[in-house]
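**Q** Compute the structure for the input listed below.
(one chain, ligands or ions: 1)
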Amino acid sequence: MSHGPSASGGALVAAAPHGHDHAPYTPVFTAGSARRAELDALITRYPTKMAALLPALWMVQEERGWIAPEAMSEVASVLDLTAAYVKGVVTFYTMYHQHPVGRHFIQVCTTSPCLCAGADKVVDSFLEHTGCKELGVTSPDGKFTVIEVECLGACGFATPVQINADYVENVTPEKVPAILAGLK
Ligand code: FES
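**A** Below you'll find the model as predicted:
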């Protein structure tokens, strides 16, 4: 069954409205800031500035919740890269958010083995109980965003779900309300 936008294939395709204003971007790596010091220290551990790109993007996401086009330009400038190169990296990995997402970012594996075990019903249950209705669309209360992803590396525990940095295994549609209730 199609649920709308999907992250399958390694790149988040979702581009639906999410109910978030795109506020003016505030740079993360301003001179003298703690994040700039952290990044500068990190850069010294690598042979090239480019090598610090992934952690730099993580820092942006930790600070801003997602990686706006302006953030890609800022990171590119700091690391002497092109914005196009940074965008290519951001769009390759599903862990980088290209738009604002809910406080709880829920990723359900729907690759074939999990799909055979009923992952699509797990997705349906999350969409229903979070109020998201569609994949990639944040719930009206801003708490949840649900996407489908490729193999989470827990094929023997279908269906696995990643919620922010935590993993929940053997998820069934019936378990979803209790899982959501346990999220702060
Ligand atoms: S196929 Fe779902 S975790 Fe591997």
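
**Q** excluding its backbone neighbours, what's nearest Ala154?
**A** In space, Ala154 comes closest to Pro160 once its chain neighbours are excluded; the distance is 3.8 Å by CB to CB, 6 or more residues apart in numbering. Every residue, glycine included, has its C-beta placed from N, CA and C.

**Q** quick one: the one you found from Ala31, how far?
**A** Pro160 sits at a distance of 43 Å from Ala31 (criterion: CB to CB, to the nearest Å).

**Q** what about the two, which has more around it?
**A** Pro160 (23 against 8; other CB atoms under 10 Å).

**Q** Can you report phi and psi for the more buried one?
**A** Here is the backbone geometry of Pro160 (degrees, to the nearest 10): phi -80, psi 150.

**Q** Kindly report the same for the one 10 residues further on.
**A** Its backbone dihedrals place Asn170 at phi 50, psi 40, with angles given as degrees, to the nearest 10.

**Q** Tell me the confidence at it?
**A** Listed pLDDT for Asn170 reads 98.

**Q** Go ahead and confirm it touches Ala154.
**A** No: contact criterion CB atoms under 8 Å: Asn170 and Ala154 do not qualify, at 9.1 Å.

**Q** Find residues that contact each of the two.
**A** Counting by CB atoms under 8 Å, 6 or more residues apart in numbering, the contacts common to Asn170 and Ala154 are Pro160.

**Q** Among these two, which residue is more densely surrounded?
**A** Taking neighbours as other CB under 10 Å, Asn170 and Ala154 compare with Ala154 leading, 17 against 13.

**Q** Local confidence estimate at that one?
**A** Ala154 carries a pLDDT value of 96.

**Q** OK, contacts around it?
**A** Applying CB under 8 Å, 6+ apart, the residues contacting Ala154 are Cys109, Pro160, Tyr167, Glu169.

**Q** my guess is the first one contacts Phe157, does it?
**A** No: using CB under 8 Å, Cys109 is not in contact with Phe157, being 9.8 Å away.

**Q** So between those two, which is more surrounded?
**A** Taking neighbours as other CB under 10 Å, Cys109 and Phe157 compare with Cys109 leading, 27 against 16.

**Q** How about the secondary structure of the residue nearest to Leu81 when sequence neighbours are not counted?
**A** Spatial nearest neighbour of Leu81, excluding adjacent residues (CB to CB, 6+ apart): Met50 at 6.1 Å. The three-state assignment at Met50 reads helix, by DSSP: H, G, I helix; E, B strand; the rest coil.

**Q** Fine by me, we can end here.
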